[in-house]
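A.B. asks: need a 3D model of the sequence below.
(one chain, ligands or ions: 2)
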Amino acid sequence: MRITAHVNGEVKQADDVWPGESLLHVLRERMGLPGSKNACEQGECGSCTVYLDGVPVCACLVAAGQAEGREIVTVEGLGTPEDLHPVQQAFLDAGAVQCGFCTPGLIVATHDLLTRDPGPDDAEIREALAGNLCRCTGYVKIIDAVQLAASRQRGEDRP
Ligand code: FES
Ligand code: FES
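C.D. replies: Ligands and ions are numbered 1, 2, ... in the order given. Predicted structure coming up:
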């Protein structure tokens with residue numbers, strides 16, 4: 001079947017999509033958007049998190065057909081290599097990226113959190129990111145990155 005959706009502000013099509021195919025597979029393998037990562041394919045790790053009509057979802061759990069005509073934003077849609085989104089820049093600056101496999105999902109989840117709450121405390125950050133697993137960092141630098149992005153978003157200086 002053919003899937004047509006608005007992805008990162010553009011109309012994108014994928015042909016020959018099979019009925020059981022996930023949105024994650026379509027994004028990565030058919031639409032040239034490998035930013036969202038496939039780590040568990042079971043909705044457990046959050047590395048495939050994208051916005052679907054403004055709501056963060058695990059793209060590995062969304063059937064491709066459910067995305068027909070809908071609005072999708074992936075980590076590639078939040079910033080570009082030349083012009084990173086402030087959340088992306090904060091993850092780099094705080095040293096919150098090691099292997100990077102969890103990072104795209106954490107960026108989307110953090111973007112969503114800071115859209116809803118510009119001043120989360122550490123407990124609220126941990127709660128909001130509970131669905132995003134990281135095997136490398138121990139989470140401390142991830143919390144630092146979210147706090148850094150939040151403070152910059154509020155216009156505060158923070159080393
Ligand atoms: S790959 Fe989707 S939740 Fe892990
Ligand atoms: S940086 Fe490796 S899984 Fe998070």
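A.B. asks: CA only for contacts and neighbour counts going forward, please
C.D. replies: Noted.
A.B. asks: quick check on residue 143: phi, psi?
C.D. replies: Torsion angles at residue 143 (phi, psi; degrees, to the nearest 10) stand at phi -60, psi -40.
A.B. asks: sorry, that was for residue 133
C.D. replies: phi -90, psi 140.
A.B. asks: just to check, it is in contact with residue 102?
C.D. replies: Yes. Contact status for residue 133 versus residue 102: in contact at 6.6 Å, counting by C-alpha atoms under 8 Å.
A.B. asks: neighbour count winner among the two?
C.D. replies: residue 102 (24 against 20; other C-alpha atoms under 10 Å).
A.B. asks: the more buried one and ligand 1, how far apart?
C.D. replies: When C-alpha to the nearest ligand atom, to the nearest Å is applied, the distance between residue 102 and ligand 1 equals 9 Å.
A.B. asks: re earlier: tell me, what's touching residue 133 and residue 102 both at once?
C.D. replies: 45, 46, 47 (C-alpha atoms under 8 Å, 6 or more residues apart in numbering).
A.B. asks: for residue 12, give me its contacts.
C.D. replies: 4, 5, 6, 31.
A.B. asks: now the last one. Nearest residue, chain neighbours left out?
C.D. replies: I take that to be residue 31. residue 14 (6.7 Å; C-alpha to C-alpha, 6 or more residues apart in numbering).
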